[in-house]
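*Asks:* predicted model, plus sequence, below.
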Amino acid sequence: MHLMVDAQIMNHYWSVNFNSTSSLLGGAVVAGMGDNTSIFYNPATITEMETGSNLSFTSSLFTWNTYTFKNMLGDGTKLKSDNFNAQPPFVSFAYKPKIGNINLAAVILTRTKEDFELSWNTSTYYDVLKNLPGNEKYDANFKYRNYYNDTWVGLAMAQKISSKFSYGFTLFISGATLKYNFEYGAFAYSVNDTLDAELYPQSTRIAEGTYEESFKFTEYRVIIKGGLSYNSGPWKFGFNVTTPSLHVFSSGNEASRTQLNSNISISTTEFLPDFIIHDAQEKSKLDTKFKLPFSLSFGFIRNLGSSDSRIYFSTEYYGKIKAYEMIDAEENTDIALPYIYDALDNKDWLSFATSTRSFVNVVVGYSWKIRENLEFLNSIRTDLSSIRNADLAPYDTYNQQKTSDYNIYHYSAGWKFKIKKNSFIAGGQVSLGYSKDEKQVTNFTSPIEINIADNRVLQGSLLPNMDIIYWGFNVYIGITLNFLKNGK
């Protein structure tokens, strides 16, 4: 199972829409009307552009995300995290010759971007060392970071075969950077200086249980999109295929993982053996990759009445990614004392495994032309988690990145208006994700010296009572500036 912390965008493929008409329509533009984002949603629809050349640039104001974690680190704990994220620009260039039905386009876009951090500390008193009288000083800490940035550069070609039918292809090169860190520590020690050290030898020691894992790498990969578009009266239809990502190479590979237990007692005079398990590797000792799945998308647009209003629909099926090693490290026998190493369930200590499930997202949008150069647009869409209940076999015993798996739902609305050949949007988006009764990440509020069930020390039982609430607010202020129109 996935230990719930957070890493929203990595596991959700519909969290981000680009700041143009497509953002207010929630990406329901597979059949067309995607403006400069057509190269991403369906390259066949770039044939909708006028003859000549155009350079389009869009940028938005900000995204504000707030996360609330109840009982995450023990009963009664409540962690909140807020972060602002300025949406990066989307720059595209398209060219349509005066003669012929070929369209060419190029784009630079940031497909996803997030940098989530969470930390917590406590210093209090608990009777955690049961073989010592009274309470002990108890210190604990938790830190988490997940950074993910995926930039795409694409070239596209589309051709209109007839007045009703067109096709297109886009070749994308992606550079995705992941930086991840997860760690916690718990410490207990006596502050009673009157205890006889011969009767209570652990009174002069500090009991400790710590854990840390981290990795970072940048992967370069290729994704290809192929699309079809068909128009018939008041209907427009679109179909798009996206290949699985093709790994090219990775750089900057680093990974480490450490677990340490020290001075954990089982009686007034006996201790569990201290141990540390540690491995750190880099560069050629690690093979790294982060796969994107095969997907099929379909959409339609239907003009209503006198064409002053339209309904938009798009859906996308994502195929399953079978379990694989995201971090494939060289197996190292020199990471712990022999008896500790022999007892490990999986001796591939440093590798990380992951997988995704198959699922379908759906979006419905609606636009209403208020007057000639002013439209109201809105949409509602699902944004399902790719890893929820995903099958990790045959890597069930492998370590996993600690991420979230709740589903998210989005509502977007705003206005689009034109001034000459340029278009502007103003609007926003509200997003909600919720999950309850998940297993706690740690339990620092009812610690015991040895927690056999969860293989922890100085922590209580990990209970299934953690709740997560996610709210997202996007403010869209978008500008698409079109230059060199009509071949001028």
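*Replies:* Here it is on my side, so go on. On a predicted model such as this, the values are computed, not experimentally measured, just so you know.

*Asks:* could you identify the helix or strand that succeeds the stretch of helix or strand residue 155 belongs to?
*Replies:* Residue 155 belongs to strand 136-160 when elements are defined using DSSP states H and E. On the C-terminal side of strand 136-160, the closest following helix or strand by DSSP H and E is strand 165-189.

*Asks:* please name the nearest non-neighbouring residue to residue 177.
*Replies:* residue 218 (4.5 Å; Cβ to Cβ, 6 or more residues apart in numbering). Every residue, glycine included, has its C-beta placed from N, CA and C.

*Asks:* that older thread, partners of the strand holding residue 155, with directions?
*Replies:* Using DSSP bridges, the strands paired with strand 136-160 are strand 102-126 (antiparallel), strand 165-189 (antiparallel).

*Asks:* just the buried positions in stretch 378-396, please.
*Replies:* In terms of neighbour count (16 or more other Cβ atoms under 10 Å), stretch 378-396 has its buried residues at 378-388, 390, 392, 395.

*Asks:* got those as TSV, with distance to residue 245, secondary structure and pLDDT columns?
*Replies:* Shown next, in TSV, are the buried residues of stretch 378-396 (distance: Cβ to Cβ, whole Å; DSSP: H, G, I helix; E, B strand; the rest coil; pLDDT from 0 to 100):
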residue	distance to residue 245	secondary structure	pLDDT
378	32	strand	98
379	27	strand	98
380	29	strand	98
381	23	strand	98
382	22	strand	98
383	20	strand	97
384	19	coil	96
385	19	coil	96
386	13	coil	96
387	16	coil	95
388	21	coil	93
390	17	coil	95
392	20	coil	96
395	19	coil	96
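
*Asks:* among the residues you listed, which two are most distant?
*Replies:* In the buried residues of stretch 378-396, two members sit farther apart than any others by Cβ to Cβ. They are 378 and 395, at 42.3 Å.

*Asks:* restricting to C-alpha, output stretch 419-430 in CSV.
*Replies:* Listed in CSV are the C-alpha atoms of stretch 419-430, where the atom choice follows Å, rounded to 0.1, in the frame of the first residue of the first chain:
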residue,chain,number,x,y,z
ILE,A,419,-9.2,42.7,-28.7
LYS,A,420,-8.4,42.7,-32.4
LYS,A,421,-6.5,39.4,-33.0
ASN,A,422,-5.5,38.9,-29.4
SER,A,423,-7.4,36.9,-26.8
PHE,A,424,-7.6,37.3,-23.0
ILE,A,425,-9.1,35.2,-20.3
ALA,A,426,-9.9,35.9,-16.7
GLY,A,427,-11.3,33.2,-14.3
GLY,A,428,-10.4,30.6,-11.8
GLN,A,429,-10.6,27.1,-10.6
VAL,A,430,-11.6,25.3,-7.4
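
*Asks:* who's in contact with that stretch?
*Replies:* Where contact means Cβ atoms under 8 Å, 6 or more residues apart in numbering, the residues beyond stretch 419-430 that reach it are 19-21, 23-24, 35, 373, 377, 410-418, 471-482, 485.

*Asks:* just how off-centre is it within its chain?
*Replies:* Distance of stretch 419-430 from the chain centroid (Cα atoms, centre = their mean, to the nearest Å) equals 27 Å.

*Asks:* what helices or strands is the longest strand along the chain leaning on?
*Replies:* Taking DSSP state E as the criterion, the chain has its longest strand at strand 206-232. For strand 206-232, the elements it packs on are strand 165-189, strand 235-242, strand 246-262, strand 286-288, strand 456-457, judged by 3 or more Cβ pairs under 8 Å, 6 or more residues apart in numbering; DSSP states H and E.

*Asks:* which ones are touching the nearest residue to residue 448 once chain neighbours are set aside?
*Replies:* Setting aside the residues directly before and after it, residue 448 is nearest to residue 460 in space (Cβ to Cβ, 6+ apart), at 5.8 Å. If a contact means Cβ under 8 Å, 6+ apart, then residue 460 has 74, 443-448, 451 as its contacts.

*Asks:* tell me the angle the strand holding residue 155 makes with strand 206-232.
*Replies:* For the pair strand 136-160 and strand 206-232, the angle between their directions (axes from the mean of the first three to the mean of the last three Cα atoms, to 10 degrees) equals 20 degrees.

*Asks:* report the buried residues of the strand or helix carrying residue 322.
*Replies:* Element membership of residue 322 [criterion: DSSP H and E] is strand 321-329. Taking 16+ other Cβ under 10 Å as the basis for neighbour counts, the residues of strand 321-329 that come out buried are 321, 323, 325-329.

*Asks:* swap in stretch 78-96?
*Replies:* Counting neighbours by 16+ other Cβ under 10 Å, stretch 78-96 gives 79, 81, 85, 87-88, 90, 92-96 as buried.

*Asks:* same deal with stretch 145-154?
*Replies:* Across stretch 145-154, burial judged by 16+ other Cβ under 10 Å covers 145-152, 154.

*Asks:* wait, which of these is closest to residue 121?
*Replies:* Minimum distance to residue 121 across these is 15.5 Å, recorded for residue 145 (Cβ to Cβ).

*Asks:* quickly list what the closest one is bridged to.
*Replies:* According to DSSP bridges, beta-bridge pairing links residue 145 with residue 117, residue 181.

*Asks:* run through who's touching stretch 387-396.
*Replies:* Residues outside stretch 387-396 that contact it (Cβ under 8 Å, 6+ apart): 2, 11, 320, 323-325, 353-357, 398, 400, 403, 405-407.

*Asks:* quick one: it to chain centroid distance?
*Replies:* The mean C-alpha position of stretch 387-396 is separated from the chain mean by 17 Å, Cα atoms, centre = their mean.

*Asks:* same question for stretch 204-214.
*Replies:* The offset between the C-alpha centroid of stretch 204-214 and the centroid of the whole chain comes to 29 Å, using Cα atoms, centre = their mean.

*Asks:* same deal with stretch 11-23?
*Replies:* Chain-centre distance of stretch 11-23: 13 Å, with Cα atoms, centre = their mean.

*Asks:* how far does that stretch stretch from start to finish?
*Replies:* 19 Å (Cα to Cα, to the nearest Å).

*Asks:* re earlier: run through the neighbouring helices and strands of the strand holding residue 322.
*Replies:* strand 286-288, strand 352-356.

*Asks:* out of those, which is the most enclosed?
*Replies:* Ranked by mean neighbour count under mean count of other Cβ atoms under 10 Å, those are led by strand 352-356, which reaches a mean of 22.

*Asks:* identify all contacting residues around that one.
*Replies:* So strand 352-356 is in contact with 215, 255, 291, 293, 318, 320-327, 386-387, 390-392, 395, 398-401, going by Cβ under 8 Å, 6+ apart.

*Asks:* do the same with stretch 139-149
*Replies:* Where contact means Cβ under 8 Å, 6+ apart, the residues beyond stretch 139-149 that reach it are 5-7, 9-10, 73, 110, 112-123, 176-188, 401-403, 441-442, 444, 447, 458.

*Asks:* CA atoms only: put it into PDB for me.
*Replies:* Once non-C-alpha atoms are left out, stretch 139-149 reads as follows in PDB (Å, rounded to 0.1, in the frame of the first residue of the first chain):
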ATOM      1  CA  ASP A 139      11.800  14.400  21.200                       C
ATOM      2  CA  ALA A 140      10.500  13.700  17.700                       C
ATOM      3  CA  ASN A 141      10.700  15.200  14.200                       C
ATOM      4  CA  PHE A 142       9.400  14.600  10.700                       C
ATOM      5  CA  LYS A 143      10.400  16.100   7.300                       C
ATOM      6  CA  TYR A 144       9.100  15.500   3.800                       C
ATOM      7  CA  ARG A 145       9.800  17.100   0.400                       C
ATOM      8  CA  ASN A 146       8.700  16.200  -3.100                       C
ATOM      9  CA  TYR A 147       9.800  18.300  -6.000                       C
ATOM     10  CA  TYR A 148       8.700  17.400  -9.500                       C
ATOM     11  CA  ASN A 149       9.100  19.500 -12.700                       C
END
